[in-house]
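Peer 1: Let me see the structure of the following:
(one chain, ligands or ions: 1)
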Amino acid sequence: MGEVVYSTVKLKPELRREIEELAEVYEAGELGGAADLSRITVLLCGPITGAELDAMNNLRFIQCVYAGVDSLPWSHIPADVTVASNVGSNADAVAEHAFALLLAAAKRITFFDQRVRSGNFEVVGESRMLHGRRICVLGLGAIGSRVAEIAKAFKMYVVGYGRSLRSGVTVDEFYPPDRISDALRGCDYAVIALPLTKHTRGLITYEKLCLMKREGILVNVGRAPIIVKEDLVRFLKENPSFIYANDVWWNIRSPSEDSDVYSLPNTLSTPWVAGAASSRETYEEMLRLAVENVVRYLRGERPLNIVRHEDYR
Ligand code: NDP
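Peer 2: The predicted model follows:
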């Protein structure tokens, strides 16, 4: 039986043709009913339901369009199906966004902008320096290593935290997963660029936040549930000089329900726009790289970014 590829996302004709040279291709709306879904061997997907996956009983390979694969219905994916994420596909955009949040918080950009709009040019309070300050980068993959690189350009002292230190990534100190407390202790700033897995869910607790400086800034471009929300709210209320600068939400479908966080005065937020939603250019590059990896699989080559099932089950 030949390969049958199903894409839940719309593909540009030139990308579709690349796959069509190697397999039958269908996009969302072109297939119908369980009989058709059972012919699919390769899935290129954004959001997908467990029921749809159950009907794809010949599936061999899943290529996710997004870098994070935490929202896949993992209990419906058989252990012998290869799953690839799209990590790295938007790392520059997300790292730039992380630094935009950090700089906006440190230099009080939104605070002053609102005052200036009402004609108030009074200079109050103090901004914070990045130069020479200690920043912890949690997750030193595609995004985190780019964040570390930018931090170095700002002449910051960079502490890396991750499972492994890739060659070519420069940090001043590096800590493995069992030394998270050593990584965060005494940091002025931290950036979360970790995936949400069974190991990272709830990693950042009240006690971990207390290890950072009280005038610190925590940036989160990874996933919200890496932080225990109730602990963050308590810590932010107790430490009004600490700022949480955030792009990701606990209530994915209804982020307005996270008002207990974004209504606090010491938060700065964007509505999940760092990656795919940042620009058409970024999203098209993500699709291009996802299709490139599907083609790699169809040619019998080893796909990039294969995910460890055990991180999500
Ligand atoms: P990468 O896989 O390149 O980087 C993740 C890094 O975290 C890797 O170095 C990985 O190590 C490390 N890691 C994984 N598990 C652990 C753990 N338990 N403890 C310590 N380190 C760990 O992914 P990206 O940098 O491209 O993306 C990271 C995350 O950012 C995504 O999973 C997604 O959740 C989020 N994201 C958010 C976006 C947004 O719009 N806000 C857009 C894009 C991504 P190893 O390589 O050894 O597995």
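Peer 1: Under the pLDDT cut-off, which ranges of this protein? List them.
Peer 2: 1, 34-35 (pLDDT under 70).
Peer 1: I'd like to know how far the residue of it found nearest the ligand sits from G50.
Peer 2: When distances are taken as C-beta to the nearest ligand atom, the chain reaches nearest to the ligand at G141, 1.7 Å away. For glycine as for every other residue, the C-beta is placed from the backbone atoms N, C-alpha and C. Separation of G141 from G50 (C-beta to C-beta, to the nearest Å): 27 Å.
Peer 1: between these two, who's got more neighbours?
Peer 2: G141 (21 against 13; other C-beta atoms under 10 Å).
Peer 1: Spell out which residues sit in contact with the nearest residue to W250 once chain neighbours are set aside, please.
Peer 2: Residue nearest to W250 in three dimensions, not counting chain neighbours: A224, with 4.4 Å by C-beta to C-beta, 6 or more residues apart in numbering. Counting by C-beta atoms under 8 Å, 6 or more residues apart in numbering, A224 touches N246, V248, W249, W250, D258.
Peer 1: Doesn't the last one belong to a strand?
Peer 2: Going back to what we said before, that points to D258. No: per DSSP: H, G, I helix; E, B strand; the rest coil, D258 lies outside any strand segment and is helix.
Peer 1: and it, how many neighbours does it have?
Peer 2: If we define neighbours as other C-beta under 10 Å, then D258 has 20 of them.
Peer 1: Next up, the contacts around it.
Peer 2: A224, K229, W249, W250, N251.
Peer 1: switch the cut-off to 6 Å
Peer 2: Going by C-beta atoms under 6 Å, 6 or more residues apart in numbering, D258 touches W249, W250, N251.
Peer 1: Ok, the third one next?
Peer 2: Neighbouring residues of W249 by C-beta under 6 Å, 6+ apart: A224, P255, D258.
Peer 1: List the backbone torsions phi and psi for the residue nearest to the second one when sequence neighbours are not counted.
Peer 2: Closest residue to P255 apart from its sequence neighbours, by C-beta to C-beta, 6+ apart: W249 at 3.8 Å. Backbone dihedrals for W249, given as degrees, to the nearest 10, come out at phi -130, psi 150.
Peer 1: next one: I135
Peer 2: As for I135, its main-chain torsions (degrees, to the nearest 10) stand at phi -120, psi 130.
Peer 1: residue ranges of the helices in the stretch 51-200 of the chain, please?
Peer 2: 91-106, 109-117, 142-153, 180-184 (DSSP state H, counting those that start in this stretch).
Peer 1: The stretch 201-313 of the chain too?
Peer 2: Counting by DSSP H, counting those that start in this stretch, the helices of the stretch 201-313 of the chain are 206-209, 229-238, 259-262, 280-298.
Peer 1: Can you tell me which residues in the stretch 101-250 of the chain are near the ligand?
Peer 2: Within reach of the ligand by C-beta under 6 Å from any ligand atom, the stretch 101-250 of the chain has these residues: 139-144, 162-164, 177, 193-197, 199-200, 221-223, 247-248.
Peer 1: Need the buried ones from those selected in PyMOL.
Peer 2: Here is the PyMOL selection string for the buried members of those, based on 16 or more other C-beta atoms under 10 Å:
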select buried, resi 139+140+141+142+143+144+162+193+194+195+196+197+200+221+222+223+247+248
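Peer 1: Which residues are in contact with S38?
Peer 2: By C-beta under 6 Å, 6+ apart, the neighbours of S38 are N57, N58.
Peer 1: Likewise for G275?
Peer 2: G275 neighbours (C-beta under 6 Å, 6+ apart): N90, V94.
Peer 1: Let's see that with 8 Å instead.
Peer 2: The neighbourhood of G275, defined by C-beta under 8 Å, 6+ apart, consists of Y66, A67, N90, A93, V94, H97, T282, M286.
Peer 1: ok, now L31?
Peer 2: Taking C-beta under 8 Å, 6+ apart, one finds Y6, L37, I40 in contact with L31.
Peer 1: can you count the residues close to the first one?
Peer 2: The number of residues packed near Y6 is 24, by other C-beta under 10 Å.
Peer 1: Beta-bridge partners for it, please?
Peer 2: Y26, L43 (DSSP bridges).
Peer 1: nearest spatial neighbour of R185, skipping sequence neighbours?
Peer 2: L211 (4.6 Å).
Peer 1: quick one on the thing from earlier: output the helices of the stretch 51-200 of the chain in CSV; the columns should cover distance to V81.
Peer 2: Below are these laid out as CSV (distance: least, C-beta to C-beta, whole Å):
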stretch, distance to V81
helix 91-106, 26
helix 109-117, 44
helix 142-153, 24
helix 180-184, 32
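Peer 1: What distance do you get for the residue nearest to E215 when sequence neighbours are not counted to A100?
Peer 2: Distances taken as C-beta to C-beta, 6+ apart place S241 nearest to E215, at 4.5 Å, with adjacent residues excluded. Separation of S241 from A100 (C-beta to C-beta) stands at 21 Å.
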